[in-house]
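Engineer: just coords:
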């Protein structure tokens, strides 16, 4: 069974440029999460989807960040314009519903460097 | 508001030692607790998942326990090996399906 797939693995851009990250969750997982992880810290939630609905986006900086999950499967996270402080690893995770144990599975992450 | 802490922040042990990593959370109303391993530059790999109704889970040399009333979980690693060197993170899932992570413990096993 394929795991959570993310792309690109690495991205280097100049500040003020746009960037987009893509995530394909495990088949059948209704819940999809985007996390941000800074060096030496635990992941911090950006947005959580239940199917195609964003049910928790309270930590998403909406002035520059946006996300979508069309058809309740793949998801895209976009930053426009990027700032130096956005350099971090962006992690995507998926999970089956609480009634199925609720275990979280992560992709390899997308490492962003903003110059 | 749920907060998760992990002690120690870093740990260095000689190969072969048994060790315990600690995870604490402030709100006992959790749905489950999950332990992860993260290697440098990689994503998080799930190690053990403990449901709120369970007390412990075991996988090979790993054993995780959960005490909801005291807001604590421990990850026990038996007979540590250099390949166990990584950062270990715990995460709690609330009944609202929100997942909150601790900052992690960086483990180094010295040959």
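Structural biologist: That came through fine. All values reported here derive from a predicted model rather than from experimental measurement.

Engineer: what's the distance between the spatially most central residue of chain A and chain B?
Structural biologist: The centroid of chain A falls nearest to residue A:34 when counting by Cα atoms, centre = their mean (2.9 Å). From residue A:34 across to chain B, the span is 12 Å (Cβ to the nearest Cβ, to the nearest Å). Backbone N, C-alpha and C define where each C-beta goes, glycine included.

Engineer: which SSE is that residue in?
Structural biologist: In this assignment (DSSP states H and E), residue A:34 forms part of strand A:31-37.

Engineer: just to revisit the earlier point, the residue nearest to the centre of chain A touches residue A:88, doesn't it?
Structural biologist: No: Residue A:34 is beyond contact range of residue A:88, at 11.6 Å (criterion: Cβ atoms under 8 Å).

Engineer: Give the intersection of the neighbour lists for the two.
Structural biologist: Overlap of the contact sets of residue A:34 and residue A:88 (by Cβ atoms under 8 Å, 6 or more residues apart in numbering or on different chains) is empty.

Engineer: Quick one: neighbours of residue B:81, just the number.
Structural biologist: Applying other Cβ atoms under 10 Å in any protein chain shown, we find 12 other residues in the vicinity of residue B:81.

Engineer: Helix, strand, or coil at the closest residue to chain B within chain A?
Structural biologist: Among residues of chain A, the one nearest chain B by Cβ to the nearest Cβ turns out to be residue A:42. It sits 3.6 Å away. Going by DSSP: H, G, I helix; E, B strand; the rest coil, the secondary structure assigned to residue A:42 is coil.

Engineer: residues contacting the residue nearest to it when sequence neighbours are not counted?
Structural biologist: Excluding the flanking residues, the one nearest residue A:42 by Cβ to Cβ, 6 or more residues apart in numbering or on different chains is residue B:101, at 3.6 Å. The contact partners of residue B:101, by Cβ under 8 Å, 6+ apart, come to A:42, A:43, A:44, B:4, B:89, B:90, B:91.

Engineer: now with 7 Å?
Structural biologist: Contacts for residue B:101 (Cβ atoms under 7 Å, 6 or more residues apart in numbering or on different chains) come out as A:42, A:43, B:4, B:89, B:91.

Engineer: How about residue B:36?
Structural biologist: Taking Cβ under 7 Å, 6+ apart, one finds B:44, B:45, B:46, B:47, B:89, B:91 in contact with residue B:36.

Engineer: for those, which one is nearest chain A?
Structural biologist: Nearest member of the contacts of residue B:36 to chain A, counting by Cβ to the nearest Cβ, is residue B:44, at 4.2 Å.

Engineer: since we're on residue A:82, how many residues are nearby?
Structural biologist: The burial count for residue A:82: 23, using other Cβ under 10 Å.

Engineer: Let me know the distance separating it from residue A:89.
Structural biologist: 14 Å (Cβ to Cβ, to the nearest Å).

Engineer: The one residue in chain B that gets nearest to chain A bridge partners, please.
Structural biologist: The nearest approach of chain B to chain A comes at residue B:101, 3.6 Å away (Cβ to the nearest Cβ). With DSSP bridges as the criterion, residue B:101 is bridged to residue B:91.
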